[in-house]
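For reference, the sequence and a predicted model appear below.
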Amino acid sequence: MIRGLYTSAGGMLADMTRLDEVANNLANVNTPGFKNTQVNLRQFPALLVGRLGRGGFTTLGPLGTGVTVSHSWTDFAQGSLRHTGHSLDLAVEGNGFFAVQTSAGTEYTRRGDFTLDAQGHLVTQSGNFVLGTNGQPLTLPAGRPQISGSGTVTVGGNTVGQIQLVSFASQSGLTRAADGNFVATAASGPPAAATGRIRQGFLEESNTALVSTTSQMLEAFRAYESNQQALMTQKTTLDAAVNQVGKV
C-alpha cells in the first residue's frame, strides 16, 4: 500500500512537469521563431510478483512501480513563414540561427522581429545586438535596408554588413536561455556556417500546433487527476487499516 502512494505521487510529479512544458508551449504559440519542448516519460523497472506455497513458486505477473520524467527535448522543426512586409522582419528558411549579443554572452535565436535602437544598431525585441559575420553588432545608416538570402545588408546601394547565420552539428545539444534564445554547449559543437537562407519581410511562426498541444494538456491534466484520485483512495484505505482494523 505504501508503494502505491509513492507510485501515484511519482505519476503526479511527472504529469506536473508535462503540464508546465505544455503550458509554456501554448503561451508562446504566437511568439515568432519559438521552438516547442516535448517531455518523455519512462517507466521504473517492474517487479516480478509471485506466491511461494507448497507447490513451489507461482508467478503472478509484473508489478509496475510508476513513471518518471526521462528527459525533455526541443523540437526544432521549421515553423511556417508569415509575410509581414516589414524590412527588419527576418525569417530563416532551413537550417540556421541568428547570433545575438546578450549580457550573458553570445546566444542564438530563430526569432527575427528585429528593430533599430537610437544608435542605429540592429537589435532584438529585448534590446540585444544582432551580430554580423565579423562578430560585431550591425549598425545600419538611415534608409530602407535590403537584405539578401545570405544575409548581406545594403542601404542605398552600399553594402553595410552581413548578418551572421550559424548552425550546429547537434542542435539537440543546445540549451535554452531567456527570450527563447539558445546557448551552445560541448554537446552541440561550435557554431558553423549555416545552409539556410534569410527571407526579408517574413517571420517564422512558432512550431507549436495549437490543437494537438491543447490535447496534450488535457491528457496530462486527466492523468494528474487520476493519480491524485488513486492517491486519495490509498490514503483512505491506509487510514482505515491503521485506525479501525483490529479495533475492539
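Structure received.

Break this protein down into its domains, please.
Here the domain parsing of the chain from automatic domain parsing is 2-75+208-243, 81-204.

now do the same end-to-end measure for stretch 184-195.
By Cα to Cα, to the nearest Å, the extent of stretch 184-195 from end to end equals 18 Å.

in that stretch, what counts as buried?
Neighbour-count burial for stretch 184-195 flags Ala184, Ser188, Pro191, Ala194 (criterion: 16 or more other Cβ atoms under 10 Å). Backbone N, C-alpha and C define where each C-beta goes, glycine included.

any idea which of these is closest to Met16?
Nearest to Met16, judged by Cβ to Cβ, of the buried residues of stretch 184-195 is Ser188 at 28.3 Å.

Verify the stated contact: that closest one with Ser170.
Yes. Contact criterion Cβ atoms under 8 Å: Ser188 and Ser170 qualify, at 5.3 Å.

tell me the secondary structure for Ala220?
Using DSSP: H, G, I helix; E, B strand; the rest coil, the structure places Ala220 in helix.

any idea whether the closest residue to it other than its chain neighbours is helix, strand or coil?
Leaving aside its sequence neighbours, Ala220 sits nearest to Arg18 (Cβ to Cβ, 6 or more residues apart in numbering; 4.1 Å). Recorded secondary structure, Arg18: helix (three-state DSSP).

What count of nearby residues applies to Arg18?
22 (other Cβ atoms under 10 Å).

and it, what does it touch?
Neighbour list for Arg18: Val39, Leu41, Val69, Gln216, Ala220, Ala223 [criterion: Cβ atoms under 8 Å, 6 or more residues apart in numbering].

Burial check on the fifth one, number of neighbours?
Spelled out, it's Ala220. Neighbour number of Ala220 under other Cβ under 10 Å is 21.

any idea how far the residue most central in space within the chain is from Leu140?
When the chain is reduced to its mean C-alpha position, the nearest residue by Cα atoms, centre = their mean turns out to be Thr37, at 2.8 Å. Distance, Thr37 to Leu140, by Cβ to Cβ, to the nearest Å: 34 Å.

related to what we said a few turns ago, kindly compare burial across the domains of the chain and name the winner.
domain 81-204 (a mean of 17; mean count of other Cβ atoms under 10 Å).

Many thanks, I have nothing further to ask.
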